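**Q** Need a 3D model of the sequence below.
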Amino acid sequence: MFKDPFDPKALLGRRGCSCGGNHAQADHDRLTASAVPAGEEDRWNRVVDAAVLRAVFPVDAQRRQFLKTVGAATAMAAISSVLPLGAAREAFAQGGAPEKKDLKVGFIPITCATPIIMAHPMGFYSKQGLNVEVVKTAGWAVIRDKSLAREYDASHMLSPMPIAISLGVGSNPVPWTMPAIENINGQAITLANKHKDKRNPKDWKGFRFAVPFDYSMHNYLLRYYVAEAGLDPDKDISIRSVPPPEMVANLRADNIDGYLGPDPFNQRAVFDGIGFIHLLTKELWDGHPCCAFTVSKEFATQNPNSYRALLKAIIDATAYAHKQENRKEIAKAIAPANYLNQPETVLEQILTGTYADGLGGVKRDPNRIDFDPFPWNQFAIWIMTQMKRWGQLKADVDYAKVASEVYLATDTANMMKEMGLTPPDPSKKTIVVMGKPFDPAKPDEYVNSFAIKRS
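**A** Numbering: from 1, shown residues only. This next block holds a predicted model:
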């Protein structure tokens, strides 16, 4: 007579462990009690177990009666004697093996890229089963071009870049995505020592400034700052793009009067005795985005498991970098020549927020740079208003639609939940730049509110 292997009596009559092994359940429990972490793994296990129960007992009343009769633990142990439940749990938790394990991720050698860089020497990529080569790259135009040419699988970019690429601003339009911000704050205006007596931007007429790229928060914040002082950034000063690693040399050679740039090059100018920190950009907008982790929409679609593993590694590294107690360890990890190629003391000053300002003072600001992965759609909308304000974006645009398609807040929120982190409420973000509130529901009204803008 044929016996149904899923018959409750047959299940309960079998011996063995819930992992599918040929040993007693008690032995398994004793050996693994201290090895299985609470939290994420337990949550995934419950999801899988519930799915298996529904498959074995599709009728709700039958399932409830079975559980009431024998108890959940006994039920799962019995089911596991004929089903590889341990393997199912593991496969579900991993979300499938990465389609590509050998990946190239481009980065610019600046502290903004800290999570992307540190994930290599500190094992965050390998933890997700990935073999990632992080490739130091000369400048942002090169990062963009190599990414578009598919030489990089993912890349460090300035937060406006995936918007510009998706909209075809400065390049042919290619759908690009940004699932994670790398850093918030972390920039400064640095001036040559000869300008220590010119701390008021109203006195900067004729100054020559460098920013890392046209499509950068650096460019938009510098323009915002001088415009609030009454200077037209297209007429009263000059602004040119200079790759970050070349900024200090240009300041030393007197090719520029200053720059709004990323660290470590603000602190390096102080360290080398050729410049001073005029202000941190967090003084203009505390919590502003700067750099980001990005992938093409094509890569994320064709390699969903690789994309998921990369994103998990980045969020994990970003959460680690957010904690102040880890900053000195991180400074040591990213200082070598193949990463930032900077003295550890320079990186420690930046990452810990205790730093010399070049004016004879030592300042303490633990939030000089911070790391928060959440890609707020409000950030994207503000960036597009500045693209509009300065003539980079000429056509009408559906701000909210572009923001949601490029800044993947839902992906990030879901991944954060899986990792036991608490994502923020995506609707609750307050943006205030130099005392002026920004309403993301009225972007065109915001653009038109400025007296100085490109017509």
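
**Q** shaky segments in the stretch 1-150 of the chain?
**A** 1-60, 62-63, 75-76, 78-95 (pLDDT under 70).

**Q** The host helix or strand of L251: which residues count as buried?
**A** Here L251, judged by DSSP states H and E, is contained in helix 247-252. Within helix 247-252, the residues that count as buried by 16 or more other CB atoms under 10 Å are 247-248, 250-251. No exception for glycine: its C-beta is placed from N, CA and C like everyone else's.

**Q** Which strands or helices does that helix pack on?
**A** In terms of contacts (3 or more CB pairs under 8 Å, 6 or more residues apart in numbering; DSSP states H and E), helix 247-252 is packed against strand 187-192, strand 258-262, helix 265-271.

**Q** Tell me which of those lies nearest to H218.
**A** Evaluated over these, closeness to H218 peaks at strand 258-262, with 4.6 Å, by CB to CB.

**Q** Show me what the closest one is in contact with.
**A** Contact with strand 258-262 is made by 110-112, 186-192, 195, 207, 209-212, 218-219, 221-222, 225, 242, 244, 247, 250-251, 265, 275, 278, 281, 290-291, as judged by CB atoms under 8 Å, 6 or more residues apart in numbering.

**Q** tell me the mean pLDDT over it?
**A** Mean per-residue pLDDT for strand 258-262: 98.

**Q** Return that strand as PDB; C-alpha atoms alone will do.
**A** Extracted as PDB, the C-alpha positions of strand 258-262 are listed here (Å, rounded to 0.1, in the frame of the first residue of the first chain):
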ATOM      1  CA  GLY A 258      40.300  78.000  -3.700                       C
ATOM      2  CA  TYR A 259      38.000  75.100  -4.200                       C
ATOM      3  CA  LEU A 260      34.900  73.600  -2.900                       C
ATOM      4  CA  GLY A 261      36.000  70.000  -2.900                       C
ATOM      5  CA  PRO A 262      36.000  66.700  -1.100                       C
END
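
**Q** Isn't L347 up against T114?
**A** No. Counting by CB atoms under 8 Å, L347 stays clear of T114, with 9.1 Å between them.

**Q** Quickly list what's touching both of the two.
**A** Residues touching both L347 and T114 by CB under 8 Å, 6+ apart: I334.

**Q** Next one: K100 from S427, what distance?
**A** As judged by CB to CB, to the nearest Å, K100 and S427 stand 35 Å apart.

**Q** just E151 next, same as before
**A** Taken as CB to CB, the span from E151 to S427 is 38 Å.

**Q** So between these two, which is more surrounded?
**A** Using other CB atoms under 10 Å as the criterion, E151 and S427 rank with E151 on top: 14 against 9.

**Q** Where does the residue nearest to that one when sequence neighbours are not counted sit, in terms of helix or strand?
**A** Among residues not flanking E151 along the chain, K104 sits closest, at 6.9 Å (CB to CB, 6 or more residues apart in numbering). Assigned by DSSP H and E, K104 belongs to strand 102-107.

**Q** now swap in M178 and tell me
**A** Using DSSP H and E, M178 maps to strand 176-181.

**Q** Now the strand holding K104: buried residues?
**A** 103, 105-107.

**Q** Hmm, Y407 and A380 touching each other?
**A** Yes. The criterion here is CB under 8 Å, and A380 meets it with Y407 at 4.6 Å.

**Q** So which of those two has more stuff around it?
**A** Legend: neighbour count by other CB under 10 Å for A380 and Y407, higher for Y407 (30 against 26).

**Q** mind checking how far that one is from Y125?
**A** Y407 is 23 Å from Y125, where distance means CB to CB.

**Q** Check A113 too.
**A** Counting by CB to CB, the gap between A113 and Y125 amounts to 14 Å.

**Q** Check F379 too.
**A** F379 sits 26 Å away from Y125, going by CB to CB.

**Q** Same check on N338?
**A** N338 is 15 Å from Y125, by CB to CB.

**Q** So which of the two has more stuff around it?
**A** Under the criterion of other CB under 10 Å, the comparison of N338 against Y125 puts Y125 first, with 26 against 13.

**Q** excluding its backbone neighbours, what's nearest the more buried one?
**A** Nearest to Y125 is V132, by CB to CB, 6+ apart, at 4.1 Å.
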